[in-house]
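Engineer: structure, please.
(one chain, ligands or ions: 2)
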Amino acid sequence: MTGVHEILHRVFGFGEFLGQQEAIIEHTVAGGDSLVLMPTGGGKSLCYQIPAIVRSGVGVVVSPLIALMRDQVEALRQTGVRAASLNSTLSYREVSEVEAAVENGLIDLLYVAPERLMGDRTQELLSRTELALFAIDEAHCVSQWGHDFRPEYLQLSILRERFPEVPRIALTATADKPTRREIVQRLGLADAPMFVSGFDRPNIRYAVVPKNRARQQLRRFLDEHHQGDAGIVYCLSRRRVDDTAEWLRGIGVDALPYHAGLDAFTRRRNQDRFQREEGVVIVATIAFGMGIDKPDVRFVAHLDLPKSIEAYYQETGRAGRDGLPADAWMVYGLQEVVALRQMVEGSDAGEMRKRLEIRKLDAMLGYCELTACRRQTLLNYFGESLPEPCGNCDNCLAPVAEWNATEASQKALSCVYRTGQMFGAGYLIDVLRGLENERIQRFGHERLPTHGVGADLDPYSWRSVFRQLVARGLLSVDLDGYGSLRLTEGSWPVLRGETEVRMRRDLRPGRTGAKRKPKEAVPPPDPATWDEALWEDLRTCRTELAKAQKVPPYVIFHDSTLRAMVELRPRTLDEFSRLGGVGETKLRRYGEHFLAVITAKEE
Ligand code: ADP
Ligand code: ZN
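Structural biologist: Ligands and ions are numbered 1, 2, ... in the order given. This next block holds a predicted model:
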């Protein structure tokens, strides 16, 4: 039997296993079943790919993401692994060819769509073929509790009965307890060990900024940190997706829209361009994302608030799968809070569902208003603990001051009360600040005792106060659709002076707090030795090689490998072979090409 280390090294060009990979691989090679919970980017694929190569027979990978099978198979072929797929996009002839190759023992890994797998023809093929394993990718699709339920996945329970000797490995990045339980039960994995990896994504930098002209903020964020980078911008509505994409194109960003209202062809084309080209920004509703496994997404920006921390973590998790630094950036303001509260509280879902959604939204809003380390809170939410603040989120990098906002809160709440609980924040702020406009006079509100009591704070600060009051449930939003604010049970203790209210002090955009030096999970390139021109040349070389084969650039080499070329400047094939991500096959195919680029720069 070939050693698993040898394969890691020779085929995939990696020096070490990550996290629990080795334990999982050994367990599978020995024929055991398992459930693998690993965050996106944790390295799940190798957990079944290496055992499939080591064990005799075909490794069958069940995956719901037909659109991505082609790229996954291509990435394997590039490393010299014999891979193929069976799905509905193939012609009859192509299917027959794949089947013949499987029967003749010419395939190590076969990717199959679930509905295809359960068809008679495939079942017959499998029954006369030696099988190395079944890998069930995106295993949470079997769960009705989860958010990506696929009815076809339910039939996968048959695999255990029909092929009792073949080891099964189920993998997912979704780890909440109910989903986990359902996977175990439906796939019959009660006796199988569960391999749970840490959910931390240290290379992602989390930041939430108070909204103040969101587009300009996005523009500055892109200009300062992500020129020419691939990224995802999430918006809540289709309309905003279209508008934002158009606006971004107007300022020179290669942006494409993606939402369920676009026809299938356009969706497919936009997703393809994002996946296969460099530097494309996709602007999308949450309809976009499932199964995006582009490794070099450098940022995920939220212009609207996700409805839960799970959704937020999943969406931001699409950044930086290659382990290089990436940003999860979000703008967040009073309007979103009001809109989301209205949406959730006004929904006609059943009482239980509604309570659950409100709880999830509360947790999400709490996350936005944090003054402490964001990563600690996120991990805590998923049942993990991080003993020290992370050093790589906005709150760690520029500590946020808290202030005692009890008095300001009392003023705000009493203003709500005295004006009859029928106005939105904009009007209330005008009253607090003592404006005497026509509308205020029409209601006679210039005679209220609260009129002008808030002249000491500027409108920006008042919006921050109202936002935090709504976020914490100290004010509620009327369902009238006008964003009127009303008192809640929680308002009274504040008004009576029984509770203290502490708030984060939002800095006005443009004014930044004292910045600490980031404690980078992955250090940025050293400017003293970094050669940007060489980097660009290497990227061009990669693009050309990719175009010639009609494959995405990252299947040739990931950014991390290109970066290592710039930093280590290999001069010989032997040196080149020691870069992470360079295995035997890629060395043979591409070594000379890239060495030529590097030496050309030396002359
Ligand atoms: P997942 O499916 O869990 O999201 P992948 O299997 O796509 O993750 O792996 C994520 C990234 O990590 C890929 O770029 C992959 O090449 C890389 N990777 C996986 N295992 C290793 C390893 N042992 N050493 C270095 N890089 C690895
Ligand atoms: Zn932190």
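
Engineer: contacts, neighbours, all on C-alpha from now
Structural biologist: Fine.

Engineer: enumerate the residues of this protein near ligand 2.
Structural biologist: Residues of the chain lying near ligand 2 by Cα under 5 Å from the ion: 373, 389-391, 393, 396.

Engineer: those residues in helices, which ones?
Structural biologist: Assigned to helices by DSSP state H, the following of the residues of the chain next to ligand 2 qualify: residue 396.

Engineer: can you pull out the strands in the stretch 401-550 of the chain?
Structural biologist: In chain order, the stretch 401-550 of the chain shows strands spanning 402-404, 475-477, 485-487, 502-504, with DSSP state E, counting those that start in this stretch as the criterion.

Engineer: shaky segments in the chain?
Structural biologist: By pLDDT under 70, the low-scoring segments of the chain are 1-2, 145-147, 175, 290-291, 481, 509-524, 603.

Engineer: in which helix or strand does residue 243 reside?
Structural biologist: The secondary structure element spanning residue 243 is helix 238-250 (assigned by DSSP states H and E).

Engineer: what do you get for residue 574?
Structural biologist: Following DSSP H and E, the helix or strand that holds residue 574 is helix 573-577.

Engineer: in that helix, which residues are buried?
Structural biologist: For helix 573-577, the buried set under the neighbour-count rule, 16 or more other Cα atoms under 10 Å, comprises 576-577.

Engineer: and among the strands of the stretch 401-550 of the chain, the most buried is which?
Structural biologist: With neighbours defined as mean count of other Cα atoms under 10 Å, the strands of the stretch 401-550 of the chain peak in mean count at strand 475-477, which reaches a mean of 24.

Engineer: give me the residues contacting that one.
Structural biologist: When contacts are taken as Cα atoms under 8 Å, 6 or more residues apart in numbering, the neighbours of strand 475-477 outside the stretch itself are 338, 341-342, 413, 469-470, 483-488, 490-491.

Engineer: so which of these also contact ligand 1?
Structural biologist: Within the set of these, contact with ligand 1 (Cα under 6 Å from any ligand atom) is found for no member.

Engineer: among these, which ones are in helices?
Structural biologist: Short answer: the contacts of strand 475-477 in helices (DSSP H) are 338, 341-342, 413, 469-470, 491.

Engineer: format those residues as JSON lines; extra columns: neighbour count.
Structural biologist: Formatted as JSON lines, the entries for those read as follows, by neighbours: other Cα atoms under 10 Å:
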{"residue": "338", "neighbour count": "24"}
{"residue": "341", "neighbour count": "25"}
{"residue": "342", "neighbour count": "19"}
{"residue": "413", "neighbour count": "26"}
{"residue": "469", "neighbour count": "21"}
{"residue": "470", "neighbour count": "21"}
{"residue": "491", "neighbour count": "20"}
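
Engineer: spit out the contact partners of the closest residue to ligand 1 within the stretch 51-200 of the chain.
Structural biologist: In the stretch 51-200 of the chain, the residue that lies nearest ligand 1 is residue 173 (7.3 Å; Cα to the nearest ligand atom). By Cα under 8 Å, 6+ apart, the contact set of residue 173 is 37-40, 138.

Engineer: repeat the analysis, applying 7 Å as the threshold.
Structural biologist: Remark: with contacts taken as Cα atoms under 7 Å, 6 or more residues apart in numbering, residue 173 is in contact with 37-40.

Engineer: swap in residue 24?
Structural biologist: For residue 24, the contacting residues are residue 47, taking Cα under 7 Å, 6+ apart as the criterion.

Engineer: which element is it on?
Structural biologist: Per DSSP H and E, residue 24 falls inside helix 21-29.

Engineer: that helix: which residues count as buried?
Structural biologist: Of all the residues in helix 21-29, those buried under the rule 16+ other Cα under 10 Å are 21-22, 24-25, 27-29.

Engineer: with stretch 369-380 instead?
Structural biologist: Along stretch 369-380, the positions that meet the burial threshold by neighbour count (16+ other Cα under 10 Å) are 369-379.

Engineer: again with stretch 531-549
Structural biologist: Result for stretch 531-549 [16+ other Cα under 10 Å]: buried residues 534-535, 538-539, 541-543, 545-546.

Engineer: also stretch 393-407?
Structural biologist: Of the residues in stretch 393-407, those with enough neighbours to count as buried (16+ other Cα under 10 Å) are 393-400, 405-406.

Engineer: quick revisit: and the helix holding residue 24, how far from the chain's centre?
Structural biologist: The gap between the average C-alpha position of helix 21-29 and the chain average comes to 26 Å, counting by Cα atoms, centre = their mean, to the nearest Å.

Engineer: starting at the chain centroid, how far to the helix or strand following that helix?
Structural biologist: Next helix or strand after helix 21-29 toward the C-terminus (DSSP H and E): strand 34-37. Distance of strand 34-37 from the chain centroid (Cα atoms, centre = their mean) equals 20 Å.

Engineer: ditto for stretch 422-437
Structural biologist: On the basis of Cα atoms, centre = their mean, stretch 422-437 sits 39 Å off its chain's mean C-alpha point.

Engineer: distance between the ends of stretch 382-390?
Structural biologist: 16 Å (Cα to Cα, to the nearest Å).

Engineer: contacts for stretch 278-285?
Structural biologist: 228-238, 241, 245, 254-259, 274.

Engineer: sorry, slip of the keys, the one I care about is stretch 29-39.
Structural biologist: When contacts are defined by Cα under 7 Å, 6+ apart, stretch 29-39 is touched by residues 44, 51, 55, 167-173, 175, 189, 192-197, 199.
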